[in-house]
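Novice: structure for the following, please:
(3 chains)
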Amino acid sequence: MINFLSWVLLLSGCFCVLISAIGLIRMPDLFTRMHAAGVGDTLGAILVIAGLMLQAGPTLLLAKLVLIMFFLLFTGPTACHALAKAALAGGEKPLLDDNNQ
Amino acid sequence: MMFFVTVIALFPAMFLALGRAIVGPTLYDRVLAVNSFGTFTVLMIAVLGFMTDQTDFVDIALTYALINFIGTIAVLKFFVVGDFGYEEQRDQ
Amino acid sequence: MSTLIDILLLSLMGITALAAVRMKSLFGAVMLTGIFSLLSALWFLILDAVDVSFTEAAVGAGISTVLMLGTLSLTKSEEKTSNHSQIIPLFVVFVTGGVLIYGTLDMPDFADPLAPIHTHVAPHYIEKSGAEIGVPNIVTSVLASYRGFDTLGEVTVIFTAGVGVLLLLGIGRRREDGDE
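Specialist: Coordinates of the predicted model:
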């Protein structure tokens, strides 16, 4: 049962990571790419780590995996925010729909 | 087996992120790609540790997660400020 | 199974290295060297060299990227196109590579149990370091006891470098505070 749950979590994590990587390539401008990268950086990472946590069992390893998960959860969005701020300050403009401009 | 599948599935993601880092076009795209690449590397180290039963790899994954974050923030500070010193010093 | 991982990882490293060499934007090249050191740290992990991988992660991906960015802030961020002919450098590179490959011919086979490194002092360390030093980790007992003077010298060098950097930074800032 635990193995099955692990499979599900790991595979869905891989799916999210792949989706985010494809978005990183296919999206038209920087800000949409950041949106795509966020999927893999948070949800994909958390799903993969959760799948590993089920395999680790209640040990010190579990605590380390929880730490990794929290670091990724906090640092990913922070780095993304800093990136968006730096990009806006550096003169990057988001791609907007022409009708709304 | 499940860890092997995960590692193999992470590789295309790394290739794609590397592609974005090579193509660019702006500097921020490269930083974003490097940041994503670092996250994928952290995941891959953790999964590789489980695959080969060397679970002390997880410590290294932890270190990487932090270094990746600090590296990204340092690069962005470089973009905004222009150097790593204090802003007052530039005017003098 | 692990061969596939090796091939994929090494091809990633190859692509990164070639792209870093071909890239005209120096900033992009710095980013690619960051990726390359992440990959080589991963590669060291696969080769079971955990401590080397740790160092590579901290120095390669952390410090050296920051140092190269600091250098870029002092110079231009585009590569200058060279007017020199590239035949002589290519020749030198090929000769050096050929000599290096010729040098590897004398080396013992990979993981050969009769190689000098496995017959000289390594068995002594493995068998007796627990009784002689009393530290469970062999690497620690080699670094801190058998090669204690060597490690002392390394620590002295690093300490001197750190003190030098602190002096350089600290003196500049104190004088500035005095001016204000």
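Novice: name the helix or strand for residue 19, please.
Specialist: In the absence of a named chain, this looks at chain A. Using DSSP states H and E, residue A:19 sits in helix A:2-26.
Novice: my question was about chain B, not that one.
Specialist: Assessed by DSSP H and E, residue B:19 sits inside helix B:2-23.
Novice: report pLDDT for the residue nearest the centre of chain B.
Specialist: Centroid check for chain B by Cα atoms, centre = their mean gives residue B:38 as the closest residue, at 1.9 Å. Looking at residue B:38, its pLDDT is 87.
Novice: distance check, it against residue C:60.
Specialist: Distance from residue B:38 to residue C:60, counting by Cβ to Cβ, to the nearest Å: 12 Å. For the C-beta atoms, the positions are set from N, CA and C on the backbone; glycine is no exception.
Novice: just for the chain, where's the confidence low?
Specialist: With no chain named, the answer covers chain A. For chain A, applying pLDDT under 70 flags the ranges A:97-101.
Novice: sorry, should have said chain B
Specialist: Within chain B, the stretches with pLDDT under 70 are B:81-92.
Novice: skip the chain neighbours and tell me the closest residue to residue 76.
Specialist: I'll assume chain A. Spatial nearest neighbour of residue A:76, chain neighbours left out: residue A:41 (3.8 Å); criterion: Cβ to Cβ, 6 or more residues apart in numbering or on different chains.
Novice: wait, chain C
Specialist: Spatially, and ignoring its direct neighbours in sequence, residue C:76 is nearest to residue C:26 (7.6 Å; Cβ to Cβ, 6+ apart).
Novice: neighbours around the one you found, how many?
Specialist: 18 (other Cβ atoms under 10 Å in any protein chain shown).
Novice: now it: how far from residue C:64?
Specialist: Residue C:26 sits 14 Å away from residue C:64, going by Cβ to Cβ.
Novice: again with residue C:57
Specialist: For residue C:57 relative to residue C:64 (Cβ to Cβ), the value is 11 Å.
Novice: overlap in contacts, these two.
Specialist: residue C:37 (Cβ atoms under 8 Å, 6 or more residues apart in numbering or on different chains).
Novice: which one's more surrounded, those two?
Specialist: When residue C:57 and residue C:64 are compared for neighbours, residue C:57 comes out ahead with 27 against 16, by other Cβ under 10 Å.
Novice: just give the closest residue to residue C:62, not the sequence neighbours.
Specialist: Leaving aside its sequence neighbours, residue C:62 sits nearest to residue B:67 (Cβ to Cβ, 6+ apart; 4.8 Å).
Novice: pretty sure that neighbour contacts residue C:59?
Specialist: No: counting by Cβ atoms under 8 Å, residue B:67 does not reach residue C:59; the two are 10.0 Å apart.
Novice: more neighbours: which of these two?
Specialist: Taking neighbours as other Cβ under 10 Å, residue B:67 and residue C:59 compare with residue B:67 leading, 21 against 14.
Novice: can I take it that the more buried one is in a helix?
Specialist: Yes: according to DSSP: H, G, I helix; E, B strand; the rest coil, residue B:67 belongs to a helix.
Novice: ok, it - contacts?
Specialist: Residue B:67 sits next to B:38, C:57, C:58, C:61, C:62 when contact means Cβ under 8 Å, 6+ apart.
Novice: OK, contacts around the first one?
Specialist: Yep, that's residue B:38 we're talking about. Shown in contact with residue B:38 (Cβ under 8 Å, 6+ apart): B:64, B:65, B:67, B:68, B:71, B:72, C:38, C:61.
Novice: 7 Å instead, please
Specialist: By Cβ atoms under 7 Å, 6 or more residues apart in numbering or on different chains, the contact set of residue B:38 is B:64, B:68, C:38.
Novice: nearest to residue C:108, of the residues you listed?
Specialist: residue C:38 (31.0 Å; Cβ to Cβ).
Novice: pLDDT wise, what is the closest one at?
Specialist: 86.
Novice: which non-adjacent residue is nearest it?
Specialist: Of all residues beyond its chain neighbours, the one nearest residue C:38 is residue B:41 (4.9 Å), with distances taken as Cβ to Cβ, 6+ apart.
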